[in-house]
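[1] One predicted model, sequence on top.
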Amino acid sequence: MGIPSATAERLLQEGDEHRCEGAPDNCVRIRALARLPSRFGDYQVVAFENCLDKKDHAAFVHGDVVGQNDVPVRVHSECLTGDAIGSLRCDCRDQLIESLERIGQMERGVVLYLRQEGRGIGFVNKIRAYQLQDAGYDTVQANELLGFRPDERDYEIAAHMLNALHIRSIQILTNNPEKVRDLERHGIQISGRVPVEIPANPVNRPYLETKRDRMGHLLEVEQDDDLSAFSTK
């Protein structure tokens, strides 16, 4: 069972009536909600709109999460090359699928999908960073050479989305301690962290090692023994 219809109607009404107070950097509101049966289980999709920049964000909800504590939550940032195309340069798609599969087997949970491509630098700059990585720089160096911080993402949007769903506390699926700290800075109560570690493939091992060694991600970076699954041909 997902979010009951009466509760869904209330959330939609709250979205229609929502007005941002003051001048926040980010403010999102619920604009639509529908069933979304998927290969990962029965989900509902909640469409959010940023009131300021009009970007769309999504929450994929399994079970009734409204007003609940300790809700398993994956906060996932958009990665077109990985999520849609299956790029081997990162572990984004694997983490997304792993999170959807896990949550789809639980009583309840949420995957938030944020439109902040390339760790927040945008698609064009992400590909520019790929060019620099092809020349031998790691992901941190590439971002810095382009004039960005190693990670430009801000999870204030995710905090607004969780508050709009009236989620009281979360168990966050992440390897990134900074994501935990940033959500807490925005008022989200985090009752636990659940690792989402994906074995390295022959292409993304340096990428994962950089996340561990230079960005503080909690990773073992183990090698997948079946390298045939990651053929680059």
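    Noted; the coordinates are in hand.
[2] What does the residue nearest in space to the middle of the chain show for phi and psi?
    With distances taken as Cα atoms, centre = their mean, the chain has His76 as the residue nearest its mean C-alpha position (0.9 Å). Backbone dihedrals for His76, given as degrees, to the nearest 10, come out at phi -120, psi 130.
[3] where along the protein do the strands fall?
    In order along the chain, the chain carries the following strands (DSSP state E): 28-38, 41-50, 56-62, 71-77, 109-114, 170-173, 190-194.
[4] Strand partners (parallel or antiparallel) of the shortest one?
    What it means is strand 170-173. Here strand 170-173 has these sheet partners by DSSP bridges: strand 71-77 (parallel), strand 190-194 (parallel).
[5] List the contacts of that strand.
    Contacts with strand 170-173, where a contact means Cβ atoms under 8 Å, 6 or more residues apart in numbering, come from 70-75, 99, 102-103, 162, 179-180, 183, 188-196. Any C-beta I mention is one placed from the backbone N, CA and C, and that applies to glycine too.
[6] May I see the PyMOL selection of the buried members of the residues you listed?
    Those of these that meet the burial criterion (16 or more other Cβ atoms under 10 Å) are gathered into one PyMOL selection, given here:
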select buried, resi 71+72+73+74+75+99+102+103+162+179+180+183+188+190+193+196
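[7] Now render the strands of the chain as a markdown table, adding mean pLDDT.
    Below are the strands of the chain laid out as a markdown table (pLDDT from 0 to 100):
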| stretch | mean pLDDT |
| --- | --- |
| strand 28-38 | 95 |
| strand 41-50 | 95 |
| strand 56-62 | 97 |
| strand 71-77 | 97 |
| strand 109-114 | 98 |
| strand 170-173 | 97 |
| strand 190-194 | 95 |
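[8] which stretch among those strands comes nearest Asp151?
    Proximity to Asp151, assessed across these by Cβ to Cβ, is greatest for strand 71-77 (9.6 Å).
[9] so how far is the closest one off the chain centroid?
    Taking Cα atoms, centre = their mean, to the nearest Å, one finds the center of strand 71-77 at 6 Å from the center of the full chain.
[10] ok, now stretch 57-75?
    Relative to the centre of its chain, stretch 57-75 is centred 12 Å away, using Cα atoms, centre = their mean.
[11] got it, and stretch 39-57?
    Mean-position distance between stretch 39-57 and its chain equals 12 Å (Cα atoms, centre = their mean).
[12] How about stretch 84-97?
    12 Å.
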